[in-house]
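Trainee: how would this look folded up:
(chains A and B)
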Amino acid sequence: MLDPRLFRQDPEAIAGALSIRGYDLDLESYRDLENARRELQTEMETLQHERNVVSREIGVAKRDGLDIEPLVVAVGDLGLRLDVVRKEFHKVQDELQDFLLDVPNIPDDSVPAGETDEDNRELYRWGDVTEFDFKPRDHVDVAGSSLDFESSVRISGSRFSVLRGPLARLHRGLIQLMLDVHTDEHGYEELYVPYIVNRASLMATGQLPKFEDDVFMVRSDTDSFLIPTAEVPVTNMVRDTIVSIEELPLRYVCHTPCFRRESGSHGKDTRGLIRLHQFEKVELVQITHPDHSWEALDEIVNQAEVILKRLELPFRAVSLCGGDLGFASAKTIDLEVWLPGFNRYREVSSCSNFLDFQARRAQARFRSGPQARPELVHTLNGSGLAIGRVLIAIIENYQEASGRVRIPEALVPYMHGVQFLEFED
RNA sequence: GGAGGGGUGGCUGAGUGGACGAAAGCACUGGUCUUGAAAACCAGCGAGGUUAACGCCUCCCAGGGUUCGAAUCCCUGCCCCUCCGCCA
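Mentor: Coordinates of the predicted model:
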């Protein structure tokens, strides 16, 4: 959520900044709500004051043994009037709150203009695009029966996967490698968290109330949802808390499955492991002092890159344009790995700085000293990395003409020394 | 799942209808004293909104209700604790 004070001061400036995203702020509705709120609040507080004064007099009179009847009469229908005004005030206040919760974050000045992912700005590339002396196949063809969609469709339906044998081990090895690097080398604390979260947690990180269609609700309980990303439980570690300044930055790494409805993507990316209802991800989350969040974003991008470099996978970094930016993000850098089977780069990491947007919803604050008033922290996160898509990248980039796949050196220890995977058709 | 007990400031904890945003202690901050520190003593010390300021309003888990007036009484929900049951 954006700062309501900023909204009151200069709503036009906010509307202008949001147009970078292609978001059309309804200034007229805002002004109507805000004016109504102000009037009702003033009126309500005046009435409350009157009531408090008389009530106090009644108390004194009663204590002194005086007749309180005249005073009680004097209060008259104050209570009734107050009731009416208060109800109206709460109604308007709720509407205003709903309005503000639906407004996305303001993009940083460095965010490129544009509407779709084609307008994203490439920042740099690393590694050479893999060359083959044969026509590379995509991961579905290479993995053969180890990628068992016949089973996953029977068990669950489309957009799920069953991995078998060595492929499942490789998948697990990737998770271990990433967690080890981020904990041992990058100083992150590893967390294990719930995969079912409540409404308040999803409100805090920004998935609700606007994007309820994207998350799975646990049917027996309308206040419980499957996590769409570890960002939700991990960022909510600090919801409604005040940390001391010495504790910042907090660095958390967490591996979880991610569950997504993918409701807006029917027919898109239906091949293989690219877009599923359930996939694994290792997530990096930082909670920082507001002065240091931009450095932290660079840090997260670099740390995610370390994994790709360790696996010797060619990739590029792009800065998302305004139209492609997530709801809560002020700036997002994606890392895209080269996929020979698709002949294009595909996202494996998305690193975002949310500034105080999530922190305000979450009331996540810090105190710079024992006497200082609490201030909002900044929150960031980045995939470090998406497991399924990295698995695809390894299969496709390391495939050989014979059909076997070489295991990148960094992963060999996690595969008990195995250097090649052989797949059956 | 059953029975009982409870949610009050950073923490402990008093408060059962009227001057209570809330005793007391701890912690913290400033001062006195001290060569310095500790101790002792004095003072300060929750959050949000609004105001140029004085001030005013709100907040004692959350939401409703009773009342001129609610931390206090009533209803609902959430959470925590103890015992029993079940269970990886």
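
Trainee: use CA for all of it now, contacts and neighbours both
Mentor: Will do.

Trainee: Residue of the stretch 151-300 of chain A closest to RNA strand B, please.
Mentor: Residue nearest to RNA strand B within the stretch 151-300 of chain A: residue A:242 (7.9 Å; CA to the nearest atom of the strand).

Trainee: Would you mind giving me the confidence score for that residue?
Mentor: For residue A:242, the pLDDT comes out at 80.

Trainee: Count residues in the vicinity of residue A:293, would you?
Mentor: 23 (other CA atoms under 10 Å).

Trainee: mind listing what it touches?
Mentor: A:353, A:355, A:378-380 (CA atoms under 8 Å, 6 or more residues apart in numbering).

Trainee: And residue A:385, how far from residue A:303?
Mentor: Separation of residue A:385 from residue A:303 (CA to CA, to the nearest Å): 10 Å.

Trainee: Give me the more crowded residue out of these two.
Mentor: residue A:385 (28 against 20).

Trainee: Let me know the helix or strand that the more buried one is in.
Mentor: If you go by DSSP states H and E, residue A:385 is part of strand A:378-386.

Trainee: following that strand, which helix or strand shows up next?
Mentor: Next element after strand A:378-386 (DSSP H and E): helix A:387-397.

Trainee: what distance separates that next one from the centre of its chain?
Mentor: Counting by CA atoms, centre = their mean, to the nearest Å, helix A:387-397 is centred 23 Å from the centre of its parent chain.

Trainee: Stretch A:179-190 now?
Mentor: Mean-position distance between stretch A:179-190 and its chain equals 21 Å (CA atoms, centre = their mean).

Trainee: Residue A:336 - that's part of a strand, no?
Mentor: Yes: Residue A:336 forms part of a strand when assessed by DSSP: H, G, I helix; E, B strand; the rest coil.

Trainee: That one reaches residue A:320, doesn't it?
Mentor: No: in terms of CA atoms under 8 Å, residue A:336 does not count as a neighbour of residue A:320; the distance is 11.7 Å.

Trainee: residues from the stretch 1-150 of chain A in reach of RNA strand B?
Mentor: Contact residues, the stretch 1-150 of chain A versus RNA strand B (CA under 7 Å from any atom of the strand): A:5, A:45-46, A:48-60, A:62, A:72, A:75, A:79.

Trainee: swap the cut-off to 6 Å and go again
Mentor: Contact residues (CA under 6 Å from any atom of the strand) of the stretch 1-150 of chain A with RNA strand B: A:45, A:48-49, A:51-52, A:55-56, A:58-60, A:72, A:75, A:79.

Trainee: Between those, which has the least confident prediction?
Mentor: Minimum pLDDT across these is recorded for residue A:75, with 79.

Trainee: Could you say which helix or strand holds residue A:318?
Mentor: Element membership of residue A:318 [criterion: DSSP H and E] is strand A:315-319.

Trainee: Can you tell me which helices and strands that strand packs against?
Mentor: strand A:121-126, strand A:331-339 (3 or more CA pairs under 8 Å, 6 or more residues apart in numbering; DSSP states H and E).

Trainee: will you turn those strands into CSV that also has mean pLDDT?
Mentor: Converted to CSV, the helices and strands packed on strand A:315-319 look like this (pLDDT from 0 to 100):
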stretch, mean pLDDT
strand A:121-126, 97
strand A:331-339, 97
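
Trainee: Next, the buried residues of the helix or strand hosting residue A:35.
Mentor: Assigned by DSSP H and E, residue A:35 belongs to helix A:27-63. Of the residues in helix A:27-63, A:30, A:33-34, A:36-37, A:40-41, A:43-44, A:47, A:51, A:58 count as buried by neighbour count, 16 or more other CA atoms under 10 Å.

Trainee: cool, and stretch A:238-248?
Mentor: A:238-239, A:242-243, A:245.

Trainee: For it, measure first residue to last.
Mentor: Across stretch A:238-248, the terminal residues are separated by 12 Å (CA to CA).

Trainee: Which residues does that stretch contact?
Mentor: By CA under 8 Å, 6+ apart, stretch A:238-248 touches A:201, A:204, A:287-289, A:359, A:362-369, A:374.

Trainee: same deal with stretch A:277-287?
Mentor: Contacts with stretch A:277-287, where a contact means CA under 8 Å, 6+ apart, come from A:159-160, A:175, A:178-179, A:229-231, A:234-235, A:248-262, A:296, A:300, A:377-388.

Trainee: Weed out the non-buried ones from the residues you listed.
Mentor: Of those, these count as buried by 16+ other CA under 10 Å: A:159-160, A:175, A:178-179, A:229-231, A:234-235, A:249-262, A:296, A:300, A:377-388.

Trainee: which one of the buried residues of helix A:27-63 sits closest to RNA strand B?
Mentor: Closest approach between the buried residues of helix A:27-63 and RNA strand B, by CA to the nearest atom of the strand: residue A:58, at 4.7 Å.

Trainee: how about the nearest residue to that closest one, chain neighbours excluded?
Mentor: Leaving aside its sequence neighbours, residue A:58 sits nearest to residue A:68 (CA to CA, 6 or more residues apart in numbering; 6.0 Å).

Trainee: Could you list the low-confidence segments of the stretch 201-350 of chain A?
Mentor: By pLDDT under 70, the low-scoring segments of the stretch 201-350 of chain A are A:220-222.

Trainee: where exactly do the strands run in it?
Mentor: Under the criterion DSSP state E, counting those that start in this stretch, the stretch 201-350 of chain A carries strands at the ranges A:224-226, A:242-244, A:250-259, A:278-288, A:315-319, A:331-339, A:344-353.

Trainee: could those be laid out in CSV, adding distance to residue A:212?
Mentor: Shown next, in CSV, are the strands of the stretch 201-350 of chain A (distance: least, CA to CA, whole Å):
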stretch, distance to residue A:212
strand A:224-226, 10
strand A:242-244, 28
strand A:250-259, 13
strand A:278-288, 17
strand A:315-319, 27
strand A:331-339, 22
strand A:344-353, 21
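
Trainee: List the residues that contact residue A:147.
Mentor: A:140, A:161-164, A:167.

Trainee: give me that answer again for 6 Å
Mentor: By CA atoms under 6 Å, 6 or more residues apart in numbering, residue A:147 lies in contact with residue A:163.

Trainee: Against residue A:161, how distant is it?
Mentor: In terms of CA to CA, residue A:147 sits 7 Å off from residue A:161.
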